[in-house]
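**Student:** quick one: sequence and predicted model below, then my questions.
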Amino acid sequence: MRRFLPHPLLTVSLAILWLLLANQLSAGHVVLGALLGWLIPFATSSFWPERIRIRHPLTLLRFLLVFVIDIVRGSFLVAWLILKGPARLRPVFVEVPLALETDLAIGLLANTISLTPGTVSARLSADKRTLIVHTIDTGDAAALVAEIKQRYETPLKKVFEQENA
Amino acid sequence: MIDILLSLLIITGALFTFIGSLGLARLRDFYTRLHGPTKATTLGVGCLLIASAVYFSVRDEGVSLHEVLVTLFLFITAPVSAHLLAKAALHLKVRSLASTPAPDATTNPAVQRNPAD
């Protein structure tokens, strides 16, 4: 099983990606998409040393929902801050200590941070233990770190890193 | 009815994109400027893409989901470029309104490992 289908999730994603690109749902495209989804993982297997497992799909769904809400919220916030005037901004660099260990989860966390309310991840320390985050305006840096950890890191850890599902 | 909805979406999208660009011009240091285009524009482009998907789905009698891909690729690439810009700026010690973190020389082992950088 492992040998013939090294990355089932990637296969499914690629097939769906192909159908979206084709923008139509015909039998031919389903077959072609499945074929591409099956072949491409072999060509790119060196980029995916480990098999990805999603352990709590519901947690992942809830995380995605929070993520979408935060994008909307963050956009309004940043738009308001820009309009209100840049003079009163209180930009700060904060250090977020990471509990995540895998590259995939850290990458997703960094992306999430960059896409949500007034924060951009700026640097990952070389030992992958702290992420430096720039925030456009905050009164309380500690609360921001706690929010990032609780809102994004905890669910990511649960979905991608927890051993016993 | 659908026209009104689409117009609203497009106007909202254009407004957010505009505010994002305005941020680029108005904000005062490199790091805060980074926030304008990455955030406000995400929602702006999102609104425009939803409008596009709805319009083509209604007009062509078939669901148009191309736009999902644009969103997906945007969401993958935008934060990566923002991260790299911020990282490069930190490395070059670009002037910042916030006190920049010290780790470059002290706690970041990468710098100690490659002093040639």
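**Tutor:** Here it is on my side, so go on. Residues are numbered from 1 along each chain as shown, chains lettered A, B, ... in the order given.
**Student:** in stretch B:85-99, what counts as buried?
**Tutor:** B:85-87, B:89-90, B:96-98 (16 or more other Cβ atoms under 10 Å in any protein chain shown). Every C-beta, even on glycine, is put in place using the N, C-alpha and C of the backbone.
**Student:** whoops, I mixed them up, stretch B:46-61
**Tutor:** Within stretch B:46-61, the residues that count as buried by 16+ other Cβ under 10 Å are B:46-56.
**Student:** residues in contact with that stretch?
**Tutor:** Stretch B:46-61 is contacted from outside by A:71, B:2, B:5-6, B:9-10, B:12-14, B:16-17, B:63-68, B:70-71, using Cβ atoms under 8 Å, 6 or more residues apart in numbering or on different chains.
**Student:** let me know whether the lengthiest helix in chain A sits next to chain B.
**Tutor:** Taking DSSP state H as the criterion, chain A has its longest helix at helix A:57-84. Yes. Against chain B, helix A:57-84 shows contacts by Cβ under 8 Å from any Cβ of the partner chain at A:71-72, A:74-76, A:78-79, A:82-83.
**Student:** with stretch A:99-115 instead?
**Tutor:** Yes. Among the residues of stretch A:99-115, A:110-115 lie within reach of chain B under Cβ under 8 Å from any Cβ.
**Student:** list of residues touching that stretch?
**Tutor:** A:50, A:52, A:67, A:71, A:74, A:96, A:98, A:119-121, A:124, A:128, A:131, A:133, A:148-149, A:152-153, A:156-157, A:160-161, B:38-39, B:42, B:75-76, B:78-80, B:82-83.
**Student:** any idea how far that stretch is from the chain center?
**Tutor:** 6 Å (Cα atoms, centre = their mean, to the nearest Å).
**Student:** give the buried residues for that stretch.
**Tutor:** For stretch A:99-115, burial by neighbour count (16+ other Cβ under 10 Å) applies to A:100, A:105-115.
**Student:** related to what we said a few turns ago, of the buried residues of stretch B:85-99, list those near chain A.
**Tutor:** B:86-87, B:89-90, B:96-98.
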